Structures are given as structure tokens and as C-alpha cells.
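Pasting the sequence and the predicted model now:
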There are 2 protein chains.
Amino acid sequence: MTSGNPTVPESVTPPVGFTQHDHATCVVDGLSAAEARCSGEGLHFTPVRRKVLEILLQEHRALGAYVILDRLRDDGFGSQPPVAYRALDFLVTNGLAHKIERLNAFIACSHPRARHAPAFMICRLCDAVAEAQSSPARGALGAAARATGFLIERTVVEAEGVCPSCAEKPPEGKRA
Amino acid sequence: MTSGNPTVPESVTPPVGFTQHDHATCVVDGLSAAEARCSGEGLHFTPVRRKVLEILLQEHRALGAYVILDRLRDDGFGSQPPVAYRALDFLVTNGLAHKIERLNAFIACSHPRARHAPAFMICRLCDAVAEAQSSPARGALGAAARATGFLIERTVVEAEGVCPSCAEKPPEGKRA
DNA sequence: GTCCTCCATGTGATTATATAACATTACAAA
DNA sequence: TTTGTAATGTTATATAATCACATGGAGGAC
């Protein structure tokens, strides 16, 4: 990873993401998309909900509900678990965020515009999470479902492994 | 109790399913397979571990650790969480059981003999869980991983929906 | 405007899931 | 026997999620 990194300052050089993002743009775009989506569908994109999405968008990894809650408190919102869980429920229900079941944690949706069956790649070394698309009905699972008459309504597809950044680095112990 | 419904043909390949099983056979076979596997690999299939596997094999759905713990206590084993979690960890590590991440619960492996990437179908009405095979590297997720250089080590593939039995029945409320 | 209702938010308490830390026991190898 | 190691047991605690109920604010009916 040598090039194409013009604007990201070195202040924080976390092994974030598999692809370099301009976080500022990430956050702004994510919030805009959410606003558009909510206003289009008559959903209430309230301050808490917006703040939680903003918190999620600032990271390219999954955050636990209590981490989110801490940050909400810092911003003057309520500090009890239901505050975070309710906002997260809204975001997940409306496709603006996803729960990573493997981690019991949450991440902003990378493709908030389209309805999709998300799949995730989770780096066990740096905790970065990347979202991809899955087509569950097409693979072996879909075949098994059809064969047995199971009706798929929702899928959880999560891969755990090592992201390209961490794979490049020699195993010098965890974390750089 | 007196079910004695042994007539379901196992014509088709899958030892998987929402189909009728002879549970007694299920349990016995599962325990034998585990014994064979452990003795073959020098693993200690101790009483607690055996008991936990037996408990799991008795159900074709996922059980939470604390349910298992209750049953362990009833059978004279230790009654504190680590007792159950350690046995479960042994079973999961050695491929004799799986964790259903979506449910934070555990289920006996249906194919304990072969190394495999399991996929699960979870009925949201009756809680039955069936195990199928997945080939994560072949689908969209595998393509995304190759494209980004992500090294997949383990996958979680879980489908939530309605099993064939429940789909047939008119909605008569959730089962007892 | 006032009232009213709905929905969102806030809070305290509780339940559910999982692990840390350490003592004790079982067993096999030296 | 001694010793090392793995397994089990127990206390305590950490982490994740929900329940139950009170408060407050935006919009509509009148």
C-alpha cells in the first residue's frame, strides 16, 4: 500500500478497511444517503439516530452497543442501553446499518441505497470489516433450501480471516 | 413418547433436516461418531463433554449454554457457566458441535466425520435448525475475497426463514 | 390557541450471555 | 512417589440485551 493516499493524515493510521477511504467523505455521504432515504420513506431520522449512524460511519469496523453508548453520553444523549439499542434497531431495520452476529456488534451499511443481502469479511487481526454482496439463493445453501423446502427470509454471511493489509505485514505479534 | 415413527425413508443424501429423524438413532450414532473421532485423534471425550454432546443430540434445534447448564446440573455435573462453556468449546473446536451465531446457541454437528464449512437453516416458527454444507469460496463472497485479497479462514452462514413443516401448517401459534 | 395522541426518548432495574481468576482433582509420565 | 498437565469446580465479574414505566415533543382535531 504505497500510493493513492493523498488526503488521509497520518495522525491515525489504523489498519482500517481493506480499501482506503476518505473518512470525511464516507461520513458525509453516508449521512446524506440516510437523510435522503428517510425523507423519501417518511422515516424519522432523529438526532440520536443520526448520531449513532455518524458514530458507525466514523469507523470501518464493528462497534459494540456499549461503545456507541459511551460516545452518545459524551455527546449529551441518554446513557442507558435502550437509547443505543433503539437507535441501532431503527438503523438495522431500515437497512442503514448491519449487525455482525459473530461479534455482537454493529457497522454502518456500505450500500445504503440498494436493498441487498450483505456479506462481511472480518479481519481477526485488525478488526476491520468490509461489506460485500452475497447471493445466498444461488450457492449450496440455496440449493439445500430448495431441496428441503425451506423458505429463506434473511441470511447471515460472515467470513473471518485476514485482510490484505494484515496479510502483507510479517507476523510481528498482534497489532502494529 | 411412544412415537415409534421409524418409517421415514432416508432415500436422499442429506442427513440434514427438518425431516423426521429417529432421535434415538441420532443420539447413539452421534455419540459413536464422536467417540471414534476422539479416540482416533487422541482427544479426551470425558463425561461432561459426552453429556453435553448427548444433550445437544437430543434436539434438532440450538440450545443456549444456560439450558445445557441446567441439564448438566440435573445430571450431577457442575452447575457454573464455565462447565458448560468449556465443554462446548471442546466440541466446537473439534467439529462435534457448532455455534449458531444468530441465536447465541449451540447445536450438535450433523456431519461429524468430515471437515466442512457448515451452513444452517433456522426456522423462526419452530426453532428447528438444519445443517447443510456451504462452499463459501465459490459464491459471491469468495469472489469478493479474492478480489480484495482477503484470506477466508472460517465462515458463518446462517439462513433464517420457515421450515417445510411450518410452511405447510396454517398459522396456529407458536409451538409449545 | 388547547387538548390529545402517537411516537421517540430517558431512566432504573433486570435478564441473558460469556469470561476471568483461581482452587481442586484426575491421571499419566518420570 | 513426585511432578507436570489437563480437566473440572467455584466465585466473581464482564459484556450484551431487554423490560417496564415515566417524560417530552411534533402534529392533528377541534
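Structure's in. What do you need?

Check the average confidence over the longest helix anywhere in chain A, would you?
When chain A is parsed with DSSP state H, its longest helix is helix A:23-41. Averaged over helix A:23-41, pLDDT sits at 91.

Give me the residues contacting the following helix or strand past it.
Next helix or strand after helix A:23-41 toward the C-terminus (DSSP states H and E): helix A:47-57. Here helix A:47-57 makes contact (C-beta atoms under 8 Å, 6 or more residues apart in numbering or on different chains) with A:26-27, A:30-31, A:34, A:63, A:68, A:71-72, A:75, A:77-78, A:83-84, A:86-88, A:90-91, A:96-97, A:106-108. Yep, even glycine has a C-beta here, placed from its N, CA and C like the rest.

Get me the contact residues on chain A for DNA strand D.
Counting by C-beta under 7 Å from any atom of the strand, chain A comes close to DNA strand D at A:64-66, A:80-82, A:85, A:99, A:104-105.

how near is A:G95 to DNA strand D?
Taking C-beta to the nearest atom of the strand, to the nearest Å as the measure, A:G95 falls 18 Å from DNA strand D.

so that residue, which of the three states?
With DSSP: H, G, I helix; E, B strand; the rest coil as the basis, A:G95 sits in coil.

repeat for the one 3 residues further on
Using three-state DSSP as the criterion, the local structure at A:H98 reads strand.

residues in contact with it?
The contact partners of A:H98, by C-beta under 8 Å, 6+ apart, come to A:92, A:106-107, A:109, A:118, A:120, A:131.

export those residues to TSV and tack on pLDDT, neighbour count and secondary structure?
Shown next, in TSV, are the contacts of A:H98 (pLDDT from 0 to 100; neighbours: other C-beta atoms under 10 Å in any protein chain shown; DSSP: H, G, I helix; E, B strand; the rest coil):
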residue	pLDDT	neighbour count	secondary structure
A:V92	97	14	helix
A:F106	98	24	strand
A:I107	98	23	strand
A:C109	95	23	coil
A:P118	94	19	strand
A:F120	96	25	strand
A:E131	94	19	strand
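
Tell me where chain A is predicted with low confidence.
Applying pLDDT under 70 to chain A flags the ranges A:1-17, A:170-176.
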